[in-house]
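A.B. asks: no sequence for this one, just the structure:
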């Protein structure tokens, strides 16, 4: 960067330029809020039934494994069939899983296994549709607005993280966990309706007219052949698998802050405050072209901030560390997501997006399991400090070994949308691997 850095607020051009993206963003935002409410309900219910960090860690296992298995399958389907139809079907499955969670709470279920099976069902449906869903912004928006569109989606996610835990606490205190799960089900219904309103989106180059009915290569092969892709994903995997802190929050709260449920909610909200602050100022980074270097730097800050959280004694310092971690995570996620979509030709985006989804979604869940398991044999502070420092060191190694990622610049040319009814398409960024 040259000269003085100009601070810019959130870029809202995607909401103004594309009605389809606007509908998608609203549905996704509502769904994310419902998901955060349900996440708190599941975390509280499992902790109530087990009282163990290993128990809360198994939530990550129940969601992480289905994400790996069904995320890769979803990528192959996303490069074969109409992506809107695939997401519509999987959204219906998520609605069914949310209804099941509500039913088990209404019947006063005491089986952790049943609860985790329903969580795994929702995660499986979400993973199956996630690769196709990830391709929507780059098909609906001009190339120079993709980063801004992803930043808007991330801001809504961070806002859900901020408001969701507080809403969950109020809902559960006023009624019970069944009301929290019912809220999730209603949000899932809104999300499904939003997807129905989108235009059909078959992958480019697929279908009878092209003579190609099935993908030619797997997503992992495509990723491994491009240093920018594997470096970006390795950076994210290192950050989440080694340093994810959520499963440790109940134990840290109990050991250091007397187990106050309001403090537990503050942990989650602090991460969201940092994330949404970074999101509101995301216009500063979405216009930077050195996105590879930005992602590496932000991921390193994430690891260091969580290591400091493990050392923090006063509550204000602990919350400050989590806010810094949340801000760094937002910057890392937005830059990685844009890089991956812009570097991948549309015919391959489903499979590459499935790899990104497996790493970006399963990594945190498996990282939560790792953190809970390590804390059960050592302590929560040790698990946090060790994980944060280990993540930072591995990210530094990726940066040292991957010069193309360090030097990567987003393309200056603005590719146009490729959905019928929008402007005619320009050639996709990048070439077939």
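C.D. replies: Structure's in. What do you need? The structure presented is a predicted model; accordingly, all values stated were derived computationally and were not measured. Residues are numbered from 1 along each chain as shown.
A.B. asks: C-alpha from now on. contacts and neighbour counts both.
C.D. replies: Will do.
A.B. asks: run a quick neighbour tally on the spatially closest residue to residue 245 that is not a sequence neighbour.
C.D. replies: Closest residue to residue 245 apart from its sequence neighbours, by CA to CA, 6 or more residues apart in numbering: residue 368 at 6.3 Å. Residue 368 has 30 neighbouring residues, counting by other CA atoms under 10 Å.
A.B. asks: what helix or strand is residue 368 located in?
C.D. replies: helix 363-377 (DSSP states H and E).
A.B. asks: need the residues that contact the helix or strand following that helix.
C.D. replies: Later in the chain than helix 363-377, the nearest helix or strand by DSSP H and E is helix 380-401. Under the contact criterion CA atoms under 8 Å, 6 or more residues apart in numbering, helix 380-401 has outside partners 231, 234-235, 238-239, 242-245, 248, 251-252, 296, 299-311, 371-372, 374-375, 405-406.
A.B. asks: what are the contacting residues of stretch 41-52?
C.D. replies: 53, 55, 56, 59, 110, 112, 168, 172, 177, 180, 181.
A.B. asks: quick one: buried ones out of those?
C.D. replies: 53, 55, 56, 59, 112, 168, 172, 177, 180, 181 (16 or more other CA atoms under 10 Å).
A.B. asks: hmm, back to that, gap between the residue nearest to residue 245 and residue 324?
C.D. replies: 19 Å (CA to CA, to the nearest Å).
A.B. asks: what about the one helix or strand residue 349 maps to, distance to the chain center?
C.D. replies: Here residue 349 sits within helix 346-357, counting by DSSP H and E. From the chain centre to the centre of helix 346-357 is a distance of 15 Å (CA atoms, centre = their mean, to the nearest Å).
A.B. asks: and the buried ones among the contacts of stretch 41-52, which of them are in strands?
C.D. replies: The members of the buried ones among the contacts of stretch 41-52 all map outside strands under DSSP state E.
A.B. asks: how far off centre is stretch 257-271?
C.D. replies: Using CA atoms, centre = their mean, the offset of stretch 257-271 from its chain centre is 22 Å.
A.B. asks: what's the answer for stretch 319-337, then?
C.D. replies: That offset, for stretch 319-337, works out to 12 Å (CA atoms, centre = their mean).
A.B. asks: for it, what is the average pLDDT?
C.D. replies: Mean pLDDT, computed over stretch 319-337, is 90.
A.B. asks: then stretch 114-127?
C.D. replies: 93.
A.B. asks: stretch 20-29 too?
C.D. replies: Mean predicted lDDT for stretch 20-29 stands at 93.
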